[in-house]
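Peer 1: sequence and predicted structure, then a few things I'm wondering about:
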Amino acid sequence: MSAAQKLLSRDNVDILIGDTVHSSVALAIMELAPSYKDKLFLTGQVTSTEIARKVENGKGRYENFWKTLFNGDAYASTIQGAVKWLHDEGKLPNQAKAVAFVGEGTDFGRGITDETAKLFKGMGWTVSASEIVEFQQADFYPQLSKLRADPPSVIVSTISANNAGVALAKQLREKGIESTHL
């Protein structure tokens, strides 16, 4: 019996918060929901669209499982819409219609990167790079050297660790990369 199953077997536990960051954990925990119909399962900020698909196609199997906030495709749509507006208004310093991604190798980073890349390709943009890095990586010089050689109009980063986001922003300035960074 797993630790989650032991916890759920208690009479005084009514809600299990599955995970607040990693979709893979939430996907695993949601499989407990059908066995504990009297308990509420809740996620935090997980982004996998697979969770929503499973609930939708589960024919009531996951009726006690609730995913809060947005899927990765909603983030992707927002990013794509903002960049399209910036481009159409002539507000991007480089109008090359190329986008590059720097994303962490988590469900969050990969999921949003993949969804956003599809939308950019669909509007005729080139994906010039898609760099997947380690969670909490703080050295982005190898990735930025590639981007500096052929700067895209936009760099989209999908990074959840504060130290990594700060390091990336700082290193973009240090390398003199003038692409718009989202």
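Peer 2: Noted; the coordinates are in hand. This structure is a prediction, so every number in the text was calculated from the model and none was measured. Numbers count the residues shown, from 1 in each chain.
Peer 1: look up how far Ile159 lies from Asp150.
Peer 2: Taking C-beta to C-beta, to the nearest Å as the measure, Asp150 falls 22 Å from Ile159. The way it works is simple: take the backbone N, C-alpha and C, and place the C-beta from them, glycine included.
Peer 1: out of those two, which sits in the busier spot?
Peer 2: Ile159 (23 against 11; other C-beta atoms under 10 Å).
Peer 1: hmm, that one is touching Ala169, no?
Peer 2: No. If you go by C-beta atoms under 8 Å, Ile159 and Ala169 don't touch, sitting 9.8 Å apart.
Peer 1: mind showing which ranges of this structure have poor pLDDT?
Peer 2: Low-confidence segments of the chain (pLDDT under 70): 1, 3-4, 6-8, 10-21.
Peer 1: quick one: contacts for the residue nearest the centre of it?
Peer 2: Closest residue to the average C-alpha location of the chain: Phe108 at 3.0 Å, with C-alpha atoms, centre = their mean. Residues near Phe108 by C-beta atoms under 8 Å, 6 or more residues apart in numbering: 21-23, 46-47, 72, 158, 160.
Peer 1: then Gln136?
Peer 2: Counting by C-beta under 8 Å, 6+ apart, Gln136 makes contact with 104, 161, 163-164.
Peer 1: can you flag which of those residues belong to helices?
Peer 2: Members of the contacts of Gln136 lying in helices (criterion: DSSP state H): 163-164.
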